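Novice: Build the 3D model from these lines:
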Amino acid sequence: MHPAPSRMAVTLGVLLCLSLAGPAVAAGPDAAAGARLYLDGDMERGILACASCHGEAGNSDIPLYPNLAAQPHEYLAQQLRNFQIRDGASLPARLGPQGEPTAMTPMAQPLTPEDIANVARYLAEQPLRQPAASTQEDVGGHGQRLWRGGLPERNIPACAACHGPAGAGLPGQYPRLAGQFPAYLEEQLRLLRSGERGVSPVMQDIASRMSDQDIQSVADYAAGLR
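Specialist: Numbering: from 1, shown residues only. Here you go, the predicted model:
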């Protein structure tokens, strides 16, 4: 009979096998690679620099293009996937006015899953240095009431319940709204209300009960949150 191997020998054998097999967990998103793609694009693959529209480090100078800095990376990645036309589909999941693809679809289409994860990670790590501001007074505090307490009589919940009291959002679930351009927020709420931005059934349901004044007031209030 052969002697049983010692506990140390077994342990060393296991460690040797693990070292030969390589790391068991794949590396996470590469923020540095995301920064390069965001700033420079990749013309060989038809990818334009994101910074040309969304500004340095995700801080936009143009209200037409939203601020992306400090958004939860899970949310950013999901939205980039929503802009892409998937195999077997004729349209992306996220549409714009008149139910047509937005300008983001041709921008997002060439991105690989790795590209998306890297860019999203890079943007999530950037501070929001140029937050937008409210453009008008919140007459009667209507936007504040909507944000903090909702409108129970119309079954509209408080925005703060999901997006946080200060509008920072909840990673992996709800976007940051604080400091976002009010005109952009208004447009997205209207698209949700009409069903054209059909990727969030919960928000579509809530927006369907919001008036134009509700939308304008709460978008303006959210823009001023810090």
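Novice: domain parsing for the chain?
Specialist: Segmentation of the chain into domains, based on the TED database, reads 31-125, 142-224.
Novice: Please name whichever of the ones you listed is nearest to residue 134.
Specialist: Nearest of those to residue 134, taken as Cβ to Cβ: domain 142-224 at 3.7 Å. (Glycine included, C-beta is placed from N, CA and C.)
Novice: Format the domains of the chain as JSON lines; extra columns: mean neighbour count.
Specialist: JSON lines is the format used below for these (neighbours: other Cβ atoms under 10 Å):
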{"stretch": "domain 31-125", "mean neighbour count": "17"}
{"stretch": "domain 142-224", "mean neighbour count": "18"}
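Novice: Can you list the neighbours in contact with stretch 101-119?
Specialist: 28-31, 33-34, 37-38, 42, 45-48, 50, 73, 76-77, 80-81, 83-85, 91-92, 94-96 (Cβ atoms under 8 Å, 6 or more residues apart in numbering).
Novice: hang on, the earlier thing: could you export the domains of the chain as TSV, including distance to residue 134 and mean pLDDT?
Specialist: Shown next, in TSV, are the domains of the chain (distance: least, Cβ to Cβ, whole Å; pLDDT from 0 to 100):
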stretch	distance to residue 134	mean pLDDT
domain 31-125	13	97
domain 142-224	4	96
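Novice: Those domains: which one's closest to residue 132?
Specialist: Of all the domains of the chain, domain 142-224 sits nearest to residue 132, with 4.5 Å by Cβ to Cβ.
Novice: Pull the distance from that closest one to the chain's centre.
Specialist: Computed by Cα atoms, centre = their mean, to the nearest Å, the chain-centroid distance of domain 142-224 equals 15 Å.
Novice: For it, measure first residue to last.
Specialist: 14 Å (Cα to Cα, to the nearest Å).
Novice: ok, and the closest non-adjacent residue to the residue nearest the centre of the chain?
Specialist: By Cα atoms, centre = their mean, the mean C-alpha position of the chain lies nearest to residue 76, the distance being 2.7 Å. Leaving out its chain neighbours, the residue that sits closest to residue 76 by Cβ to Cβ, 6 or more residues apart in numbering is residue 120, at 3.9 Å.
Novice: So that neighbour is in contact with residue 34, correct?
Specialist: Yes. Between residue 120 and residue 34 there is a contact at 7.1 Å, judged by Cβ atoms under 8 Å.
Novice: how about the helices in this structure?
Specialist: Secondary structure of the chain, counting by DSSP state H: helices at 7-21, 31-40, 51-54, 73-83, 104-108, 113-124, 142-149, 160-163, 182-194, 201-207, 212-223.
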